[in-house]
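Asker: how would this look folded up:
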Amino acid sequence: MPEDRRDERRAVIALCRRTPFGRLRGVFSSTEAHELLAAVLHAAYRDAGLPESGLADVIIGNAAGGGGNVARLAALTAGLPVEVPGLTIDRQCASGLDAISLACRLVESEAGAWFIAGGVESCSTAPLRAHRLTSLPGAPDFFSRARFAPETHGDPSAGQAAENVAAAFGVQRDEQDQYALRSYTRTAAALDGMSAEIVPTAGCDTDETPRRGMTSKVLSRFLPAFTAAGSVTAGNSCADADAAVVAVVTSRARARAAGFNTVLEFHGSASAGGAPALFGTAGAHAVLKLLEGIQLNRKAVSTWEYNEAFAAQVLASAQLLGVAPERLNLHGGALAYGHPYGASGAMLVANLLRQASMPGGPRDDGGWSVAAVSAAGGVGTAAAFRTVSLQ
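Answerer: Numbers count the residues shown, from 1 in each chain. Here you go, the predicted model:
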């Protein structure tokens, strides 16, 4: 196939839409996951101007839901055509990025013309978890989270895993606080530019989550959150959040015909496994696998997005990648605006598209971007994009 025709079939991210980010038990305390998602599905479908029969599927990541198929439920709630089936996937915090990568691959395999993909999480309304492994037949035995690895490999909590990473990579408390402060500052500076992608939801039209008033002095006052002698604190860790984030995915040719201009052209994704006890660095292993697979030198990457569950894991991952920490997350990250698990990977893509669309953003002549996220159990996902101007 001629190269120019192959390029026209490449998948692209044409637009992104999201709800405001809400605090745990905050503005969305009574808004369920499918309701958050329905709002952005409706807006993305409308704003992309899709023909009624053009949408092939909705693919959504969700990590803390109660099962079922939130993608289908939300699609119907949003008023999308009943013929759009809906698929929900779960790779924990990597789910949103995996959903978008899957949609891109389906476009390139010509399995459909248009997809809406991303993630949703309602930490505030997530169901309580219980099983029947109890001495009383039928009685619920409540537990806080699923198991992600056997004890032989270690299955630490997220906070303990962050402490493990900090110790293994020699990441000090002051480094974590300094990185966190940079995230807060960058997020505050980027908030105005985020307004165009936000869909008013349940009476809220602005992010509730950004932490304000953070300074080096304030950050230094936080006590260790997970171990008495640790370095991971509430100040250099993310907060849980409620949100939905989606992207409209199609081919380069269809995006041009529909009038889109600046898009992110998909150039591959990779998932990788690593030590469950150090799962915060699994995203870096996925990046290395991805770059090798597409034969891209990391020095060619101009824009990096790496999920900020903890400052410690971002700093350790930067070590593994050989990338200066200040080059990551130019519009801030989850340390400041929160972490809606299943949606966070999709937020990374929204950040990349926003940066590409701004004056001075990465362009055709080397505008490579990489998004990466680590997930519980020691798995990570990364995806590579290139900025393309279609018009």
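
Asker: So, low pLDDT: which residues of this protein?
Answerer: Along the chain, segments meeting pLDDT under 70 span 1-6, 360-366.

Asker: For stretch 195-203, which outside residues touch it?
Answerer: With C-beta atoms under 8 Å, 6 or more residues apart in numbering as the test, stretch 195-203 has contacts from 15-20, 27-28, 31, 35-36, 39-40, 42-43, 205-207, 350, 354. All C-beta atoms are positioned from the backbone trio N, CA, C, and that covers glycine.

Asker: How about stretch 43-59?
Answerer: Stretch 43-59 is contacted by residues 14-17, 41, 71-72, 74-75, 78, 80-81, 83-87, 89, 99-100, 102-103, 106, 111-117, 199, 246-248, 258 when judged by C-beta under 8 Å, 6+ apart.

Asker: Show me which of the residues you listed are buried.
Answerer: 14-17, 41, 71-72, 74-75, 78, 80, 84, 86-87, 89, 99-100, 102-103, 106, 112-117, 199, 246-248, 258 (16 or more other C-beta atoms under 10 Å).

Asker: Could you tell me which of the residues you listed belong to strands?
Answerer: 14-17, 87, 89, 114-117, 246-248 (DSSP state E).

Asker: Stretch 52-68: which residues count as buried?
Answerer: Buried residues in stretch 52-68, defined by neighbour count with 16+ other C-beta under 10 Å: 54-65.

Asker: Secondary structure and distance to residue 191 added to those residues, as JSON lines?
Answerer: Formatted as JSON lines, the buried residues of stretch 52-68 follow (DSSP: H, G, I helix; E, B strand; the rest coil; distance: C-beta to C-beta, whole Å):
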{"residue": "54", "secondary structure": "coil", "distance to residue 191": "33"}
{"residue": "55", "secondary structure": "strand", "distance to residue 191": "31"}
{"residue": "56", "secondary structure": "strand", "distance to residue 191": "34"}
{"residue": "57", "secondary structure": "strand", "distance to residue 191": "32"}
{"residue": "58", "secondary structure": "strand", "distance to residue 191": "28"}
{"residue": "59", "secondary structure": "strand", "distance to residue 191": "28"}
{"residue": "60", "secondary structure": "strand", "distance to residue 191": "25"}
{"residue": "61", "secondary structure": "strand", "distance to residue 191": "24"}
{"residue": "62", "secondary structure": "coil", "distance to residue 191": "26"}
{"residue": "63", "secondary structure": "coil", "distance to residue 191": "26"}
{"residue": "64", "secondary structure": "coil", "distance to residue 191": "26"}
{"residue": "65", "secondary structure": "coil", "distance to residue 191": "28"}
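
Asker: Which pair in these has the greatest spatial separation?
Answerer: 54 and 64 (31.4 Å; C-beta to C-beta).
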